[in-house]
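Asks: let me see the structure of the following:
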Amino acid sequence: LRDGDAAELSDDLDAIREALVEWYRADHRAFPWRRTEDPYAILVSEVMSQQTQLDRVVPAWEDFLEQWPTTADLADADRADVVAFWSSHSLGYNNRATYLHEAAGQIETEYGGSFPETPTELQELMGVGPYTANAVASFAFNNGDAVVDTNVKRVLYRAFAEIRNADDPDYESVANALMPAGESRIWNNAIMELGGVACGKKPRCDEEGCPWREWCHAYQTGDFTAPDVPTQPSFEGSRRQFRGRVVRLLGEHDEMDLDTLGHRIRVDYTPDGEHGREWLRGLLSDLAEDGLLEVEETREKTVVRLRR
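Replies: Have a look, this model is predicted:
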């Protein structure tokens, strides 16, 4: 399938395509970013959705766009305010906030306030990799290739014996062969929905009325094995959570000394303990490398502040 020949996939290719699109149109999860073609709003949703559960993304996305409704508004914002927002909404990985802020500035200064429309051009934006660029091109401009995330890989592996039997499956070629030309917006939404709703780690083929049951290799054979898919790391008690607490506290105070900060972010902080100064310095070092804060060392004390 490396030549992307769609005819190799199935004699019923048109029926497969039509069944999936009709299933999606009939009923799907109503995420608010699916109701817009604004590339800025879609970029924000894609960046927020990286490594963050969608139930936390929806309110954060709505609040973010209410505070900074355009790229011009975001570009004019103080970066520390954007990072503080990110942290206060428990989105984690605060460097994504700085990248989004930088990308907004690029749109305004380099592109005259208008988004580039192709995946290749979109990758010129700060923090926008191939997957995000393709998603924005697809959902905003209907101008992308097939999106291939872990959910889509699971669907393809289960549905098509050609993928399952390949030593080195070429998911991108299969996904692009499946996608109808010029239909990236609805197709990518539909196949991602299939993977997220009906074809999860625990398949719900009949419960969700999977439209591919009559063609699906896994459904026909009862073998629902699939490639390992990384599980979402727990947020509670994670380094992401404590990084967020640090940034949120420093957003409320001009500066804090090391031990005061440690006691404020975790109840079991003891300077010489397991979760003490050494642990906290590692956390602060990561944040400093991301350009989010400054650490000032003197003989008397260590002072930490947000980088403005």
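Asks: quick one: the closest residue to Ala77 other than its chain neighbours and Ala75, what's the gap?
Replies: Sequence neighbours aside, Trp68 is the residue nearest to Ala77 in space, at 5.8 Å (criterion: Cβ to Cβ, 6 or more residues apart in numbering). The C-beta positions use only the backbone N, C-alpha and C, and glycine is treated the same way. Here Trp68 is placed at a distance of 9 Å from Ala75 (Cβ to Cβ, to the nearest Å).
Asks: which of these two has more residues huddled nearby?
Replies: Trp68 (22 against 18; other Cβ atoms under 10 Å).
Asks: which residues touch the more buried one?
Replies: 74, 77, 82, 104 (Cβ atoms under 8 Å, 6 or more residues apart in numbering).
Asks: turn the residues you listed into CSV, including pLDDT and neighbour count.
Replies: Below are these laid out as CSV (pLDDT from 0 to 100; neighbours: other Cβ atoms under 10 Å):
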residue, pLDDT, neighbour count
Leu74, 97, 24
Ala77, 96, 16
Val82, 95, 20
Ala104, 97, 25
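Asks: now, those residues that are in strands?
Replies: Within the contacts of Trp68, no residue falls in strands by DSSP state E.
Asks: among these, give me the pair with the biggest separation.
Replies: Val82 and Ala104 (9.1 Å; Cβ to Cβ).
Asks: outside of stretch 77-87 itself, list whatever touches it.
Replies: Under Cβ under 8 Å, 6+ apart, the answer for stretch 77-87 is 63-64, 67-68, 74, 94, 96-98, 100-101, 243-245, 247-248, 251, 292, 306-308.
Asks: please list only the buried members of the residues you listed.
Replies: For those, a burial check counting by 16 or more other Cβ atoms under 10 Å picks out 64, 68, 74, 94, 96-98, 100-101, 243-245, 247-248, 292, 306.
Asks: can you give me the distance of Val82 to Glu102?
Replies: Taking Cβ to Cβ, one finds Val82 at 10 Å from Glu102.
Asks: buried set for stretch 158-175?
Replies: Going by 16+ other Cβ under 10 Å, stretch 158-175 has these buried residues: 158-160, 162-164, 169-175.
Asks: can you report how many residues neighbour the nearest residue to Gln67 once chain neighbours are set aside?
Replies: Nearest non-adjacent residue to Gln67, counting by Cβ to Cβ, 6+ apart: Phe85, 6.8 Å away. Under the neighbour criterion other Cβ under 10 Å, Phe85 is assigned a count of 20.
Asks: now swap in Arg79 and tell me
Replies: Arg79, neighbours per other Cβ under 10 Å, totals 18.
Asks: residue ranges with poor pLDDT in the stretch 101-250 of the chain?
Replies: 228-237 (pLDDT under 70).
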